[in-house]
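> I'll drop the sequence and a predicted model, then ask my questions.
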Amino acid sequence: MVLEEDRYYLGVDVGSVSTNIVLLSLDNTVEETLYLRTQGRPMQTIQEGIKLLRTKMRKSAEIIGVGTTGSARQLAATLLGADVVKNEITAHAVAASRVNPEVQTILEIGGQDSKIIILRDGVVSDFAMNTVCAAGTGSFLDQQAARLGIPIEEFGQLALQAKHPVQIAGRCSVFAESDMIHKQQLGHSLPDILAGLCQAMVRNYLNNVGKNKEIQGPIFFQGGVAANPGIRKAFEDELGQPMIVPKHYGVMGALGAAYLAQEKVEMRPETRTRFRGLHLGETLFQAKSLECSGCANHCEIVEIMQEGICLAKWGDRCGKWSTTIGVSIDIGSNESKQEKQRA
């Protein structure tokens, strides 16, 4: 018999830079959080995360619901056997609203993208994303910290020591780096240059991602870059409002996915989870692709195999391949086609 305290919801957020995993108890306590570098290997990273999670859980523990989000949410859902699949906007909004139901704006800056989410009365009313340029994201900050020979953890604290922040061009990562080098050659101090970069990144974010958006408080600052106090201060100076950094700011997408799994289970308590089990860390998964010649589109079809058995196919526009596998996920609605057919 599994005790109540040994039953959990699992949330997984798989992005281009990181894979985040959250284990949520029945009383909404975050029991475990994992941050793993995806490194272009999402399938292996998911498996490594499940292996690591299993070492932190009691043998009697049971996963009763799984949610996935992120750019590789479809792949993660197939591997894990997810009960709910949602986009990052929904997952971040749900997590923030659970932490503070009064939140009206979410600023999220991750490793390679950034987004803004506007909520009114707990409902997403508007959003925008920037996935084109790396300027203003965590990866760009990592690059500059490495170039300057400082740990990324010290970046923000050094920026706070600035006396006269310099003007840095922030619209393009290439121009920003060139401008920083020029300012160094002129003799400006490192804190002033770093503070100038923080201000440039914030201006770029607000002029692009946040353009024409009504930014009202309370404002949540989420994503890995929220750990940088220099960026937080630059936002507060520009907006004239405090930034709230939630406790689990770096894994809010995964936390939102766990909450969504909780909602799904509570809506259908009689339905068992699709979760494949904690042993999937040792399961052999393979991915291969083929080009469909059925029409002029020549769609590239991705096929996920588990020890020789096809789990899912996707990538086709007409449904010729994806509808042949029961667990396939429809990206547009984030619901399984099986559920659509049952409805």
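Structure received.

> going forward, measure contacts between C-alpha atoms and count neighbours the same way
Fine.

> got the contact list for stretch 149-157?
Contacting residues not belonging to stretch 149-157 are listed as Leu141, Asp142, Ala145, Ala146, Leu194, Asn228, Pro229, Gly230, Ile231 [Cα atoms under 8 Å, 6 or more residues apart in numbering].

> what's the neighbour count on the second one?
Read it as Asp142. Asp142 has 17 neighbours, counted by other Cα atoms under 10 Å.

> for the third one, same thing?
Here the neighbour count serves as a burial measure; for Ala145 (other Cα under 10 Å) it reads 17.

> once you drop chain neighbours, what's closest to it?
Distances taken as Cα to Cα, 6 or more residues apart in numbering put Ile152 closest to Ala145, at 5.6 Å, once the chain neighbours are dropped.

> ditto for the fifth one
If the residues on either side of it in the chain are set aside, Leu194 comes closest to Ala159, at 5.1 Å by Cα to Cα, 6+ apart.

> now the second one
Using Cα to Cα, 6+ apart and skipping residues adjacent in sequence, the residue nearest Asp142 is Ile152, 6.1 Å away.

> then Trp321?
Counting by Cα to Cα, 6+ apart, the residue nearest Trp321 is Lys313, at 6.2 Å.

> from Ala77, how far off is that neighbour?
12 Å (Cα to Cα, to the nearest Å).

> neighbour count winner among these two?
For Lys313 versus Ala77, neighbours defined as other Cα under 10 Å are more numerous around Lys313 (27 against 23).

> in a strand, that one, correct?
Yes - assessed with DSSP: H, G, I helix; E, B strand; the rest coil, Lys313 lies in a strand.

> wait, it sits on Met305?
No - using Cα atoms under 8 Å as the test, Lys313 is too far from Met305 to be in contact (9.2 Å).

> may I have the secondary structure class of Arg147?
Arg147 ends up helix, using three-state DSSP.

> neighbours of it, how many?
For Arg147, using other Cα under 10 Å, the count is 10.

> over to the one 4 residues further on?
Neighbouring residues of Pro151 were enumerated by other Cα under 10 Å; the total is 10.

> backbone torsions only: list them for it.
With angles defined as degrees, to the nearest 10, Pro151 sits at phi -60, psi 140.

> confidence score at it?
Per-residue confidence at Pro151 stands at 86 (pLDDT).

> what about the strands in the stretch 151-300 of the chain?
219-222, 243-244, 285-291, 300-306 (DSSP state E, counting those that start in this stretch).

> tell me which strands and helices the host helix or strand of Leu23 is in contact with?
Assigned by DSSP states H and E, Leu23 belongs to strand 18-25. Judged by 3 or more Cα pairs under 8 Å, 6 or more residues apart in numbering; DSSP states H and E, strand 18-25 is in contact with strand 7-14, strand 30-37, helix 42-56, helix 252-267.

> distance check, the residue nearest to Ala145 against Glu214.
In terms of Cα to Cα, Ile152 sits 31 Å off from Glu214.

> comparing the two, which residue is more hemmed in?
With neighbours defined as other Cα under 10 Å, Ile152 and Glu214 compare such that Ile152 has more, 17 against 11.

> how close does that one get to Leu34?
For Ile152 relative to Leu34 (Cα to Cα), the value is 19 Å.

> would you confirm that Val103 contacts Leu119?
Yes - when contacts are counted by Cα under 8 Å, Val103 is listed as touching Leu119 (7.1 Å).

> domain ranges for the chain?
Structural domains annotated on the chain: 7-92+253-282, 101-245, 284-329, as defined by the TED database.

> show me where pLDDT drops low in the stretch 201-343 of the chain?
314, 322-343 (pLDDT under 70).

> nice, that's everything, thank you.
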